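>>> I'll drop the sequence and a predicted model, then ask my questions.
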Amino acid sequence: KGLLEDVQRFVEQVYLVGVAAIAAMNAPWLSYGAGVTNYLSVPDLPTDTKGTTFDLPGGTIFNGDLKTTREFESFDDPYFRDNITENITRAWYEDTEETRHPFQGQTNPAYSELDHDGKYSWVKAPRFNDQVMQVGPLAQVLVGFAGGHKPTQKWATWMLKTAGAVAGAKLGPGVLHSTLGRHAARAIRAAVIVDTAINHWQRLVENIGGGDSTSFTPWDYPKGEVQGFGFHEAPRGTLSHWVVIEDGKIKNYQCVVPSTWNAGPRDDKGRMGPYEASLIDNPVADPERPLEVLRTIHSFDPCLACAIHTLDPDGNERSKVRTL
C-alpha cells in the first residue's frame, strides 16, 4: 500500500500539475491534432465474477459528441463482440476478403512495395461498426466523463480548471480533442487508476480478512469448435484477443491491439486512421525538422518502430525521421 501511496503523491503533485502547466503554456496545441473524434474504450476492473459490473467504464462516442456515449455492459456484450472488423485494403497482407471479423481473421504477409496509392503499411485497419475509432486514454476519459464516472469527472474537471486558470481562459472538455488533450487524458487516467488501485487493495485485504482466500476456478475445454474473446483497457487503449478452439486446440487466434487501431492505414473507403488524420492542418515551423509531427504522433504513445518520410507537394523528400 505504501508503494501505491507513493505513486499517488507523484501523480497528484507532479504529473497532473506538470501536464496542466504545459497545456496552459502551449494553449494553441489544444486546438490541433484532433483527427478522428470517434472513440472506443472497454470496461475494466470487474467487481463481480461474471464481468457485468466494473470500476472503470468503457463504450463508444461518435463525432466527438459526448451525448452519443454508449457504454458496454459486460465482458460478452454483443455491441462490442459483433462490431469489430479489420480491413487489409492498404496493408501488406493477402486474403480472399479484404474485411473480416477477428474470429475469421487471417494474417498472411504479402509485401509488395511501398505504394502511396495502394498498400503501404504492415498494420491492418480496424473498424467498429464500420467506423474509424481512436483508442487510448482520451477515449477512456471521455467515455467516463460523459457517463458520469465520478473519479474521471473529478480529475478531468481538476485538469481543465487548473490549466484554464494558468492560461487565463475557461476550458471545457472540447479542448481534450487535441494533441495536448491526449497527454492531459493520460494524466487524468493515471490519477483515476491509482485511486482505484488503492481501493482494490483495501477491498482485497478486507476480503481475505473475512475468510475468502479463493484464487482459482477450475474449468475444462469444451468439446467441438468454440470461439471466445477477451478485452482489456491497456495503457495505450483497447486490446482484444480472439480465439477459435477446435477439440481443445487453437484453430485461429487474432489480436486487435491499441496501436493497430490508431496507426492503421486507410481502408477500402479511403478513410484515414487516427495517426494520419491527426496531422491534417497541423502547423510545422520547420519542414526540415518536423517536430510537430513527432509531438502529435507521440501523444498516442505509439508501440511501433517506425520511419517517417516527409514529402513536399512535388514529391521531394524534405526529411526523414526514424523512431525506434
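Nice, I can see it. All figures in this text were calculated on a predicted structure; none of them were measured in a lab.
>>> surely Met25 meets Val166?
Yes. Met25 is within contact range of Val166, at 7.3 Å (criterion: CB atoms under 8 Å). Bear in mind the C-beta positions are built from the backbone N, C-alpha and C, glycine included.
>>> so between these two, which is more surrounded?
Neighbours were counted for Met25 and for Val166 using other CB atoms under 10 Å; Val166 has more, 16 against 11.
>>> can you tell me what sits against the helix or strand containing that one?
For Val166, the element it lies in under DSSP states H and E is helix 150-167. Contact partners of helix 150-167, identified using CB atoms under 8 Å, 6 or more residues apart in numbering, comprise 16-17, 19-21, 23-25, 27, 140-141, 144-145, 170-173, 175-176, 184, 187-188, 191-192, 195-196.
>>> which parts of this protein are helices?
Along the chain, counting by DSSP state H, helices occupy 2-10, 16-25, 78-81, 137-146, 150-167, 179-209, 258-263, 274-278, 291-298.
>>> format those helices as TSV; extra columns: distance to Phe216 and mean pLDDT.
Converted to TSV, the helices of the chain look like this (distance: least, CB to CB, whole Å; pLDDT from 0 to 100):
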stretch	distance to Phe216	mean pLDDT
helix 2-10	25	97
helix 16-25	38	97
helix 78-81	26	98
helix 137-146	30	98
helix 150-167	30	98
helix 179-209	15	97
helix 258-263	29	96
helix 274-278	39	97
helix 291-298	41	94
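>>> for Thr238, which of the ones you listed is the nearest?
Smallest distance to Thr238 across these (CB to CB): 6.1 Å, for helix 258-263.
>>> pull the CA atoms of that closest one into PDB?
What follows is helix 258-263, C-alpha atoms only, in PDB (Å, rounded to 0.1, in the frame of the first residue of the first chain):
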ATOM      1  CA  PRO A 258      -4.300  -0.400 -29.400                       C
ATOM      2  CA  SER A 259      -1.600   0.800 -31.800                       C
ATOM      3  CA  THR A 260      -3.300  -1.100 -34.600                       C
ATOM      4  CA  TRP A 261      -6.500   1.000 -34.000                       C
ATOM      5  CA  ASN A 262      -4.500   4.300 -34.000                       C
ATOM      6  CA  ALA A 263      -1.800   3.600 -36.600                       C
END
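>>> gap between that helix and the chain center?
Offset of helix 258-263 from its chain centre (CA atoms, centre = their mean, to the nearest Å): 7 Å.
>>> same check on stretch 271-281?
A distance of 15 Å separates the centroid of the chain from that of stretch 271-281, by CA atoms, centre = their mean.
>>> now do stretch 56-74
In terms of CA atoms, centre = their mean, the centre of stretch 56-74 is set 13 Å apart from its chain centre.
>>> give me the contact list for that stretch.
Contacts to stretch 56-74, defined as CB under 8 Å, 6+ apart, come from residues 34, 37-45, 50-52, 79-80, 128, 131, 133, 139-140, 142-147, 149, 173-174, 177, 192, 196, 233, 238.
>>> same check, this time on stretch 214-224
Residues outside stretch 214-224 that contact it (CB under 8 Å, 6+ apart) are 49, 245-248.
>>> columns pLDDT on top of the residues you listed, output as TSV?
Shown next, in TSV, are those (pLDDT from 0 to 100):
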residue	pLDDT
Thr49	85
Ile245	94
Glu246	93
Asp247	89
Gly248	87
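>>> quick one, which of these are buried?
Among the contacts of stretch 214-224, those buried by neighbour count (16 or more other CB atoms under 10 Å) are Ile245.
>>> now tabulate the contacts of stretch 214-224 in TSV and tack on distance to Asp314.
What follows is the contacts of stretch 214-224, written out as TSV (distance: CB to CB, whole Å):
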residue	distance to Asp314
Thr49	62
Ile245	54
Glu246	54
Asp247	59
Gly248	59
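>>> closest one to Gln106 out of the contacts of stretch 214-224, please.
Gln106 lies nearest to Glu246 out of the contacts of stretch 214-224, by CB to CB, at 16.0 Å.
>>> confidence score at Asp312?
For Asp312, the pLDDT comes out at 69.
>>> sorry, wrong one. I was asking about Pro302.
Note on Pro302: pLDDT of 89.
>>> nearest spatial neighbour of it, skipping sequence neighbours?
Closest residue in space to Pro302, ignoring its immediate chain neighbours: Ser259 at 5.6 Å, by CB to CB, 6 or more residues apart in numbering.
>>> any idea how far Thr157 is from that neighbour?
Remark: distance between Ser259 and Thr157 (CB to CB, to the nearest Å) = 29 Å.
>>> nearest spatial neighbour of Trp201, skipping sequence neighbours?
Lys1 (5.6 Å).
>>> per-residue pLDDT, the one you found?
Predicted confidence (pLDDT) at Lys1: the value is 92.
>>> that'll do, ta.
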